[in-house]
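[1] Pasting the sequence and the predicted coordinates here, then a few questions.
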Amino acid sequence: MYLNCKTFFSFRYGVLSSEELVKQGIELGVQALTLTNINCTADQWDFWDDCNNAGIKPLLGTEIRNDSRFMYILIAKNMKGVLAINSFLSHHLQNKLPFPEKIALENVWLIYPYAENINADELAENEMIGIKPLEVSKLYNDKKILDKCVIRQPVTYQDKKGYNLHRLLRAIDKNIVLSKQLSSDVAGKDENFLPVSALLEKFKQYPLIVTNTLRIIESCHYEFDASSDRNKKTSDKNKKTFSATIEDDRILLEKLAFEGCSNRFGNNKTATKRVQKELKIINDLQFNAYFLITWDIIRYAQNRGFYHVGRGSGANSIVAYCLQITDVNPIDLDLYFERFMNPYRASPPDFDIDFSWKDRDEVIDYIFKRYGKEHVALLGMYSTFQYRAVIRELGKVFGLPKSEIDALVTNKKSAFTEDTIQQQILFYGNLMQDFPNYLSIHPGGMLISEEPITQYTTLEMPPKGFATTQIDMFLAEKTGLYKLDILSQRGLGHIKEAARLIKENKSISVDIHDVERFKKDPLVAAQIRAADTIGCFYIESPAMRQLLKKLRCDDYLTLVAASSIIRPGVSQSGMMREYIHRFHNPGKFEYIHPKMKELLEETYGVMVYQEDVIKVAHHFAGLDMGEADVLRRAMSGKYRGRKEFDVIREKFFRNCKEYGYSENITAEVWRQIESFGGYSFSKAHSASFAVESYQSLFLKTYYPMEFMVAVINNFGGFYSTELYFHELRRTGAKIHPPCINHSDELTSINGRDVYIGLIHVQNLEKETKEVILKQRSWQGSYISLQDFIERTSVSIEQLNILIRVGALRFTGKSKKALLWEANFLQKKMQRVSMHSEKLFKEPIIEFKLPALTHEPYEDALDEIELLGFPLSDPFELVDADCKNYIPSRLFEKHIGETIDVLGYYITEKPVRTIKGEYMCFGTFLDSNGEWIDSVHFPDSAEKYPLAGKGFYHMRGKVMDEFGVYSVDVGWMKKVSGVRSII
């Protein structure tokens, strides 16, 4: 009877989850439900699963609307109908087309809204008219359409609270205050569940309508397997073959694997034996095509000169290593393949492949073209309503002033007084929390299906220009579609850019893939040991640099461990500190249980990797490998909620009790396991990151200037651009301000001379940069200010910016003289198009100006305003005597003493204590350009908060933690400098 039900995937309209909708149906004894979200099929497989689990027959469809106008309902008769609906929706949504008044779709029921002038004779066999209970009385004079009528009882909410929430969502969607809301923008007050008996009572005079409705319900059947049971394998819907047949795939993969094994290992019997073992498992589980498709993508990228990193659990596979999907040798690291693929896994594995942010889109485009747009899509995900956004949106809907909204958002504790409106905002805001708000794109997931992908989902077309699914990764897995991650990162970009700059500036070709040589290089080892890692992928943050020093890291295996230890799960549980302590004191600690020594001796009894957690769960607590895999996925955030995690927890404690472990030991082991939730790395993943770190380290060690220019040109590092220019200066490079005759769009290097790129000049327009570079390319360098104005015709505002940043200093004239002349010449000369030339050059106009004074700090002021930082040593600008402060290189002589330091702010990391109090860790430079690390505990952080960029006089005690020194700040004040003048 319920052919028109919605969930909150009718974005900013519905208020029920699929689970809630089905639960209400059960309570009312409903035998069939139809999901018809507005222009959306995002949660249809959740709905399908929920209904089947509840013994309710699910019908799949959608409600078509043009903006707020209801057009018709589509209900699939079978899986062909599901395909037809998804394809129809996809076509119109991707092309931004309005939905037509009438359509013809096979295997689909069409239900139009009742209208007095509707002509039933013109309707096709599969077209019907939906009659709402309130419309029954209108049929008295319109009985000729009864043959085509069905019951349409919309379900949007269930009670007054739900209706109010619906109205608020609609107001948010329309961006209006509640008082301006039109009745046409909201659902009717009758769009809730009625008991079946009450519904039948309303149509008792028209039994034919009831019969027609039941006929639709009975006609719909879907042959499909999807399951929420994580231990039950749903049939794989991914592309099944790479070549012509499954057998051809097996033969090709075997050939490629053994050829790669020979190239990687030579005549190594251990490697060959493992390749044979893995190939058998891959073939038995029918994943030959998955490996070959990934190999094909890597092959394309390599042919295009793109760098990549294969990471995640896929790096456990020697076949992946032989196919050059990864650069991690699983034999060296004792990585076991079963972590990546085993018969117990409830879902197939996935490869994570990183490309440079500059190259990724081309790789994605290749996949779409190579495997067909009907079978390929980016994976969708959903932005959900969260506290701050909810409060801000509801504040606008209720008409609150911005100042009051800001106060509610920023001061969560003291807000929400007895004020009625504020209380309503809090009440409905909590109800709205975690509702899906709009479709987004998964960071890297792609689907490649055997059947057309619209068999399973509707596709949309975000601005990025690639078709994107309405289902997210959880529903994709439920249907049997498993993603391949094609990700992007800046680290690969700066590695590739550095190699290019080295070839260009030094005529040296660097084999960046010779990682085994990098691991054995003594200079690279010294670089890590000194934690001189600014700009290096994953190991440049203050916390990571400190960890490298604490672990005296100078080898690959220690770096692999460090890459995982730094993750929040290990660090926040206290186990990172414990690991460091045990590293320095290997004979001065006790294992929590003899079994833990047996399992974790390599990591001093500390769980560092996902594999460690799986080993403990299996061998210590007796969970089988399938359950251990569920635990792994829960730790990785692969489930929507904690339900799976909690089930495993119960069995973990039950088994440990049966094994006779004490409650304290069991609780502590579980605490360590639970701390990994959402943050843990597999050992192979950490190893992949460490490979890329070594590539960066090698470039930084031997080609520091080119490397730092590459880091600057790729943006997106941990630190500000200013810090990277500081690091570049330390390499011995001579850094020049932007110059119209030497600077390119990006920063460039020639020998030791580095010219800052025009891209760094704030408020310099794109058109101005383009005309500067094009004119210089066409006609050579600019010879004077007048020549520049004639050839480029830039506006006076843009010209002033260029002069102030020093881009015309080649003229030998002061900035003030140039500014005076520029304004005169702009008024005198006509603007000249960049595409036209005068027959004769205008004679250079000479100016006689009075003496104009210039102070050095004026350049710094201009640079701070236009570049964001000064090019000179910032300590030349501070109003303090640096000799009165202790430099960081002398901290080791003052351990435990209270000292005064002067620091130039670089960054800070805010954290919360166990009690929820705010504190932070600061990072500064001293007057020698060396690091000062500071700790601001809650009392200090509250009394003396950091206030952004500038100089700070700090007083505090020097602390020593495993050879790493920091200042426990007890008092602090900001010191005047150029920034305070601005």
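    Right, received. Where do you want to start? Computed from a prediction, not measured in an experiment: that's the story for all the values here.

[2] Output the below-cut-off pLDDT ranges for the stretch 801-950 of the chain.
    Of all residues in the stretch 801-950 of the chain, those with pLDDT under 70 make up the ranges 827-850, 852.

[3] which residues in it form strands?
    Counting by DSSP state E, counting those that start in this stretch, the stretch 801-950 of the chain has strands at residues 898-912, 918-925, 931-936.

[4] Point out the most buried one among those.
    Comparing those by mean neighbour count (mean count of other C-beta atoms under 10 Å), strand 931-936 comes out on top with a mean of 22. C-beta coordinates here come from the backbone N, C-alpha and C atoms, glycine included.

[5] how big is the angle separating that strand from strand 898-912?
    Relative orientation of strand 931-936 versus strand 898-912 (axes from the mean of the first three to the mean of the last three C-alpha atoms, to 10 degrees): 70 degrees.

[6] relative to strand 918-925, how tilted is strand 931-936?
    Going by the same axes, to 10 degrees, strand 931-936 makes 160 degrees with strand 918-925.

[7] Does anything pack onto strand 931-936? Which helices or strands?
    When contacts are defined as 3 or more C-beta pairs under 8 Å, 6 or more residues apart in numbering; DSSP states H and E, strand 931-936 sits against helix 542-550, strand 898-912, strand 918-925, strand 951-961, strand 964-975.

[8] returning to that earlier point: kindly reformat the strands of the stretch 801-950 of the chain as a markdown table and extend each row with distance to Leu93.
    Listed next are those as a markdown table, based on distance: least, C-beta to C-beta, whole Å:
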| stretch | distance to Leu93 |
| --- | --- |
| strand 898-912 | 41 |
| strand 918-925 | 44 |
| strand 931-936 | 50 |
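
[9] out of these, nearest to Ser966?
    When these are compared by C-beta to C-beta, strand 931-936 sits nearest Ser966, at 4.1 Å.

[10] thinking again about what came up before, nearest to Lys973, of the strands of the stretch 801-950 of the chain?
    Minimum separation from Lys973 across the strands of the stretch 801-950 of the chain (C-beta to C-beta) falls at strand 898-912, 10.9 Å.

[11] So which elements touch that closest one?
    helix 542-550, strand 918-925, strand 931-936, strand 951-961, strand 964-975.

[12] For these, give me CSV that also has distance to Ile772.
    Below are the helices and strands packed on strand 898-912 laid out as CSV (distance: least, C-beta to C-beta, whole Å):
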stretch, distance to Ile772
helix 542-550, 38
strand 918-925, 33
strand 931-936, 38
strand 951-961, 35
strand 964-975, 38
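
[13] Please identify which of these is closest to Ile209.
    strand 918-925 (63.4 Å).

[14] Can you say which of the helices and strands packed on strand 931-936 is nearest to Tyr694?
    Each of the helices and strands packed on strand 931-936 has some distance to Tyr694 by C-beta to C-beta; the shortest is helix 542-550, at 12.9 Å.

[15] The closest one packs against which elements?
    helix 522-529, helix 556-565, helix 575-584, strand 898-912, strand 918-925, strand 931-936, strand 964-975.

[16] who's in contact with Pro113?
    Counting by C-beta atoms under 8 Å, 6 or more residues apart in numbering, Pro113 makes contact with 70, 72, 129-130, 152.

[17] hey, what's it bridged with?
    Gly130 (DSSP bridges).

[18] which SS state does the closest residue in space to Tyr438 that isn't next to it in sequence fall under?
    Excluding its sequence neighbours, the residue lying closest to Tyr438 (C-beta to C-beta, 6 or more residues apart in numbering) is Ser383, at 5.5 Å. Under DSSP: H, G, I helix; E, B strand; the rest coil, Ser383 falls in the strand class.

[19] these two touch, right, Ser383 and His442?
    No. Using C-beta atoms under 8 Å, Ser383 is not in contact with His442; the gap is 11.8 Å.

[20] ok, those two, which is more surrounded?
    More neighbours surround His442 than the other of Ser383 and His442, with 19 against 11 (other C-beta atoms under 10 Å).

[21] Find me the pLDDT at that one, would you?
    Note on His442: pLDDT of 92.

[22] That one - that's part of a strand, no?
    Yes. The assignment for His442 by three-state DSSP puts it in a strand.

[23] Now do the contacts for it.
    Residues in contact with His442 (C-beta under 8 Å, 6+ apart) are 378-381, 472-473, 483.

[24] And the residue nearest to Asp472 when sequence neighbours are not counted, how far from Thr469?
    Excluding its sequence neighbours, the residue lying closest to Asp472 (C-beta to C-beta, 6+ apart) is Met381, at 4.8 Å. As judged by C-beta to C-beta, to the nearest Å, Met381 and Thr469 stand 9 Å apart.

[25] Looking at the helices and strands packed on strand 898-912, which is nearest to Tyr724?
    Evaluated with C-beta to C-beta, the helices and strands packed on strand 898-912 place strand 918-925 nearest to Tyr724, the distance being 12.7 Å.
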